[in-house]
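Participant: structure of the sequence below:
(one chain, ligands or ions: 2)
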Amino acid sequence: MRYRYSGLAHQGRGWPDALAPLRARLRALTGREPNGVLANLYRDGDDTMGWHRDNEPELGPTPWVLSYNLGANRDFAFRRHGEHRQCHALTLRHDDLLVMSPETQHHFEHALPRRRRVQAPRLNLTFREIMPR
Ligand SMILES: O=C(O)CCC(=O)C(=O)O
Ligand SMILES: [Fe+2]
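Facilitator: Ligands and ions are numbered 1, 2, ... in the order given. Below you'll find the predicted structure:
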């Protein structure tokens, strides 16, 4: 499986056994069948992610993104696509799952803002359905 992210091409190496229980739980909870996962480690509140949509061509026209969170609490922000003002925010906590529908990706951008008081690391796993070419 090949996937482009942040301008880099990545080659998948198959599922690690350690993720099997989490994948089964995600399937049971959401009915989705993701075939790929991206892991992002935020060392502390100075590590951030800028505004974007998860609309890479590999995800096809109706991308579902299942975002599973471990470690520090971090705020997660939304704004309408084409607008500058944030319109919604929520706190993602340890063991939280955020399901982003295709409509979410179509109409909104999301970001992980800087939070200087956060000193602990956070690991975010976004499970995605990558279309075969
Ligand atoms: O860390 C997060 O919660 C956001 C990650 C994200 O938006 C992405 O990987 O596309
Ligand atoms: Fe994203």
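Participant: hey, where'd the helices end up in the protein?
Facilitator: According to DSSP state H, the chain carries its helices in the segments 20-30, 102-107.
Participant: quick check, the shortest one touching ligand 1?
Facilitator: No: counting by CB under 6 Å from any ligand atom, ligand 1 is not contacted by helix 102-107; separation bottoms out at 9.7 Å. No exception for glycine: its C-beta is placed from N, CA and C like everyone else's.
Participant: which of the helices of the chain is buried the deepest?
Facilitator: Most buried of those by mean neighbour count (mean count of other CB atoms under 10 Å) is helix 102-107; its value is a mean of 15.
Participant: residues touching that one, excluding its own?
Facilitator: Identification of contacts with helix 102-107 by CB atoms under 8 Å, 6 or more residues apart in numbering yields R53, D54, N55, P61, T62, P63, W64, V65, F78, R80, H81, H110.
Participant: which among the residues you listed count as buried?
Facilitator: R53, D54, P63, W64, V65, F78, H110 (16 or more other CB atoms under 10 Å).
Participant: out of those, which sit inside strands?
Facilitator: V65, F78, H110 (DSSP state E).
Participant: need the contact list for the last one.
Facilitator: It refers to H110. Taking CB under 8 Å, 6+ apart, one finds W51, H52, R53, F76, A77, F78, M100, T104 in contact with H110.
Participant: reformat these as a markdown table; add distance to L70.
Facilitator: Below are the contacts of H110 laid out as a markdown table (distance: CB to CB, whole Å):
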| residue | distance to L70 |
| --- | --- |
| W51 | 23 |
| H52 | 21 |
| R53 | 24 |
| F76 | 14 |
| A77 | 20 |
| F78 | 21 |
| M100 | 18 |
| T104 | 22 |
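Participant: quick one: which of those residues is nearest ligand 1?
Facilitator: F76 (5.5 Å; CB to the nearest ligand atom).
Participant: what about the closest one, distance to V99?
Facilitator: Going from F76 to V99 by CB to CB, to the nearest Å gives 13 Å.
Participant: so the two - more neighbours on which side?
Facilitator: Between F76 and V99, F76 has the larger neighbour count (other CB atoms under 10 Å), namely 19 against 14.
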